[in-house]
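1. generate coordinates for the sequence data below:
(one chain, ligands or ions: 1)
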Amino acid sequence: MQPKDRIFVALDVPNLPRALGIVAAVQDQIGGVKVGLELLTSVGAPTVVEAMSASGLPIFFDAKFCDMPNTVAGAVEAATRLGVAMMTVHALGGIPMLEAAVAAADRAALLGPRPKILAVTILTSLTWEALGQLRVAPLASEEALQEYVVHLACMAQQAGCHGVVASPHEVAAIRAACGPDLTIVTPGVRPAWSVRGDQQRFSSPRDACEAGADYLVIGRPITQPPPEIGTPAAAVARIVGELA
Ligand code: C5P
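-> Model (predicted):
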């Protein structure tokens with residue numbers, strides 16, 4: 001895989017013209033696009049996916065489904081029929097929900113391409129202090145949090161998920177526990193020159209890849225680059241250079 005193929009740009013924008021503008025500016029320099037809750041809710045999933053398909057780039061459908069198995073299965077079938085490459089469900093939805101999601105993708109893919117089902121472990125915006133506020137009792141330290149994320153990743157793999165989404169801090173431990181076949185996607189990627197924003201458990205693009213990540217989801221450092229970097233295209237070029 002070329003360094004550029006690892007980069008999925010997170011299109012966290014409220015409308016299609018802005019999303020298409022970013023895609024047009026960087027489409028030759030990236031591996032795919034990630035569409036998430038803001039765009040899917042503002043514009044509508046079928047419209048978004050159809051518009052993004054014109055770029056020919058793989059589409060990562062990040063709606064982070066978490067509901068009853070039957071409900072999630074219906075949503076996964078619908079997203080599979082749209083023709084996306086990867087989609088997310090929450091690992092915390094539990095094993096029956098994860099199994100239902102994988103089975104639904106398999107069913108719907110009989111008529112087209114089969115997307116990868118990725119389980120989101122713990123959001124990269126949550127620190128272990130924040131998890132303490134939620135009274136997730138065993139997560140009283142950074143080490144315990146990492147152990148828990150690895151547990152969720154192994155559980156999702158056993159439920160049939162093709163990959164997981166996790167912070168760069170947990171990638172190496174997940175890779176060691178789950179082996180080379182599990183796809184690991186990591187958001188929480190921040191080049192040294194970018195603004196951290198609400199990301200808490202982040203690292204540089206290069207460190208994330210060296211830890212064993214397959215794909216990097218990068219949003220604001222590309223879509224809202226700092227003035228000294230200039231444009232989204234310049235930001236991607238810089239990141240690809242750092243990965244090479
Ligand atoms: O702008 P930024 O690079 O922080 O965007 C990160 C993207 O990754 C966002 O679209 C966010 O929804 C997503 N994400 C995340 N943490 C997860 C899963 C997805 O930040 N655990």
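
2. neighbours of residue 110, how many?
-> Taking other C-beta atoms under 10 Å as the neighbour definition, residue 110 ends up with a count of 8. C-beta: built from backbone N, CA, C; applies to glycine.

3. excluding chain neighbours, give the residue nearest to whichever residue of the chain sits closest to the ligand in space.
-> At 2.5 Å from the ligand, residue 219 is the closest residue in the chain, using C-beta to the nearest ligand atom. Counting by C-beta to C-beta, 6 or more residues apart in numbering, residue 10 is the residue found nearest to residue 219 once chain neighbours are left out, at 3.2 Å.

4. next, the contact list for the one you found, please.
-> In this structure, residue 10 makes contact with 34, 36, 62, 187, 217, 218, 219, 220, 223, judged by C-beta atoms under 8 Å, 6 or more residues apart in numbering.

5. pLDDT score assigned to it?
-> We note a pLDDT of 98 for residue 10 in this prediction.

6. residues from this structure in reach of the ligand?
-> Counting by C-beta under 6 Å from any ligand atom, the chain comes close to the ligand at 10, 12, 36, 120, 123-125, 165, 187-188, 197, 199, 217-220.

7. quick one, longest helix in the protein?
-> Taking residue count as the measure and DSSP state H as the definition, the longest helix of the chain comes out as helix 142-158.

8. same for that helix, what does it pack against?
-> Secondary-structure packing of helix 142-158 (3 or more C-beta pairs under 8 Å, 6 or more residues apart in numbering; DSSP states H and E): helix 95-108, strand 116-120, helix 128-133, strand 163-165, helix 168-178.

9. the helix or strand residue 221 falls within: how far from the chain's middle?
-> When secondary structure is defined using DSSP states H and E, the element that contains residue 221 is helix 220-223. In terms of C-alpha atoms, centre = their mean, to the nearest Å, the centre of helix 220-223 is found 15 Å from the chain centre.
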